[in-house]
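K.L.:
Structure, please.
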Amino acid sequence: AEGAGLNPGKQCLPGTRIEILIKITDWANSTKDDAQPVLWLSGPVGKGKSAIAHTLANWFNNVGRLGSCYCFDRRHEKIFSTIARDLADRDPGVKRAMADAVQHVSLLENTTDIIQ
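P.N.:
Next comes the predicted model:
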């Protein structure tokens, strides 16, 4: 979706929000069997959720570990197709698996071919 991806200009200011950034980075790097599969970052408007998300996405992008970045900006259009496209662009195996999965699904007839 247009404008929903990584925006380095929206990162946390240097030296701010360190505790939450470390906590989320530790969660993302966890290899424990009982690690939570999803982390939901929520809070009141204007408290820095977007800055935290963009900071983390930039960090993981810089080390080659970002699968996708989709930041809600009071809208939620094309979230799944955007994430699927990002993952397919980063991993040829994922791209092949997605192409195989949607090949015979009539509901996806008008979807742009992910192989292109």
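K.L.:
And K95, which helix or strand is it part of?
P.N.:
Here K95, judged by DSSP states H and E, is contained in helix 92-102.
K.L.:
Determine the longest helix present in the chain.
P.N.:
helix 49-62 (DSSP state H).
K.L.:
quick one: the helix or strand just after that one to helix 92-102, angle?
P.N.:
Once helix 49-62 ends, the next helix or strand along the chain (criterion: DSSP H and E) is helix 79-90. When axes from the mean of the first three to the mean of the last three Cα atoms, to 10 degrees is applied, the directions of helix 79-90 and helix 92-102 differ by 130 degrees.
K.L.:
how about helix 79-90: buried residues?
P.N.:
Neighbour counts over helix 79-90 (16 or more other Cβ atoms under 10 Å) mark T82, I83, A84, R85, D86, L87, A88 as buried. C-beta coordinates here come from the backbone N, C-alpha and C atoms, glycine included.
K.L.:
Confirm for me that the last one is in contact with K95.
P.N.:
It stands for A88. Yes. A88 is in contact with K95 according to Cβ atoms under 8 Å; the separation is 4.0 Å.
K.L.:
which strands and helices sit next to the helix holding K95?
P.N.:
Judged by 3 or more Cβ pairs under 8 Å, 6 or more residues apart in numbering; DSSP states H and E, the packing partners of helix 92-102 are helix 79-90.
K.L.:
quick one: average pLDDT of the helix it packs on?
P.N.:
In this model, helix 79-90 has an average pLDDT of 81.
K.L.:
Work out the gap between that helix and the centre of the chain.
P.N.:
Distance of helix 79-90 from its chain centroid, counting by Cα atoms, centre = their mean, to the nearest Å, is 9 Å.
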